[in-house]
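>>> give me a 3D structure for the following:
(one chain, ligands or ions: 1)
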Amino acid sequence: MDDVETYSSRSKKRRSRFLKFGLAAVIFVVILAIILGVVLSTTARNPSGEKLKSTVITRCEKFVESTNISRDCQKLWNLFEQAYVGRDPCAVPPEAYNPLMAGMHPDPSCNRMLFWSKTKDLVHDFTEKRDCYQTLEDTLLGSVMDGLTWCGKEGTRETFTTDCPGWTDCDNNPVRLFWNRASAGFADAACGDVTAMLNGSIATPFSPASIFASIEVKQFNSTRMNGLNVVLVTNKNDITTCENPSLKVLQKELDPKLKYSCKEVTQSNIQECMLRPDPACGACW
Ligand code: DVN
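The predicted model follows:
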């Protein structure tokens, strides 16, 4: 009897241990399934928002790594997202990006700052081949957001990268407001001798509707800046020169304490110069 009793009590113990283990395993699997469900449903619900977040943070981390400028990339995302999320994409308040600009202030490179208007491709080709100038797109915020599109919608905390208003669909859209605000911040921080590359192949190189004219020039501050050197990029048979009336308007709009110069430079000269590596950053104009 004892042996039988011992045997049956041992098998009862084994059965209860097995049941306990089985129950624990089931609970673990259920919890894991819930967690996975939440994660997948969030990502699945809004893959484009997740992709934008990952792009922004990855670009930010690469910038921080390559420049040794320390910035909190998660904080950058949070400050950026709160500017547009949950808002009508055509009614974003102009001050929406102020916390982002304050939290991620520009790191201006005095005497190397390069503004531009209607010369985007040439300018970025130039700064890519010759690391001698800093455009807005070479700063943390400019490099992180360059080429991206985003918006929010009322009643949801999600980020969208499609079906967002285009640049001209409405003034207060998230993308256009960002670039206007970032441009103002970059111009306000402009220091030393500043350069602007303008387009000598158009009738009004200084166009009043441009960001350069309507926002940046108005922010230039003579307590930090010495002057503005205009590089007017021309091609053969161009009729626009540094005497162009719109450039006279530019001079008038500039703070009189700022020095002003203008030089006509052919596009081919600039393109040849940028192909000649020069760590000393000798002038291309
Ligand atoms: O100094 C530069 C730089 O600092 C930037 O922040 O602002 C200045 C350039 O702006 P800008 O003077 O208005 O010059 P652009 O060439 O007229 O416009 C600059 C950019 O704004 C364009 O290249 C557009 O960007 P994209 O689409 O090429 O990445 C955008 N933009 C301006 N007007 C637009 C427009 N995009 C679409 N439709 C429009 N009407």
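>>> what about the helices in the stretch 51-200 of the chain?
73-84, 98-103, 120-129, 140-145, 174-188 (DSSP state H, counting those that start in this stretch).
>>> out of the ones you listed, nearest to Thr161?
helix 174-188 (10.3 Å; C-beta to C-beta). C-beta: built from backbone N, CA, C; applies to glycine.
>>> and Arg14, what's its pLDDT?
Looking at Arg14, its pLDDT is 72.
>>> typed the wrong thing, it's Phe18
The model's pLDDT for Phe18 equals 70.
>>> and what of the one 4 residues further on?
At Gly22, the predicted lDDT confidence score is 75.
>>> tell me, how many residues neighbour it?
Gly22: 10 surrounding residues under other C-beta atoms under 10 Å.
>>> same check, this time on Ser48
When neighbours are counted by other C-beta under 10 Å, Ser48 registers 14.
>>> what's stretch 247-254 in contact with?
198, 205-206, 208, 213, 217-218, 220, 228, 230, 232, 260, 262 (C-beta atoms under 8 Å, 6 or more residues apart in numbering).
>>> re earlier: would a markdown table of the helices of the stretch 51-200 of the chain with distance to Cys151 be doable?
Listed next are the helices of the stretch 51-200 of the chain as a markdown table, based on distance: least, C-beta to C-beta, whole Å:
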| stretch | distance to Cys151 |
| --- | --- |
| helix 73-84 | 6 |
| helix 98-103 | 15 |
| helix 120-129 | 23 |
| helix 140-145 | 13 |
| helix 174-188 | 5 |
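>>> related to what we said a few turns ago, closest one of the contacts of stretch 247-254 to the ligand?
Using C-beta to the nearest ligand atom, Ala213 comes nearest to the ligand of the contacts of stretch 247-254, at 6.6 Å.
>>> mind listing what the closest one touches?
Contact partners of Ala213, counting by C-beta under 8 Å, 6+ apart, are Ser117, Phe206, Ser207, Leu250, Glu253.
>>> which of these come close to the ligand?
Among the contacts of Ala213, the residues that sit close to the ligand (C-beta under 6 Å from any ligand atom) are Ser117.
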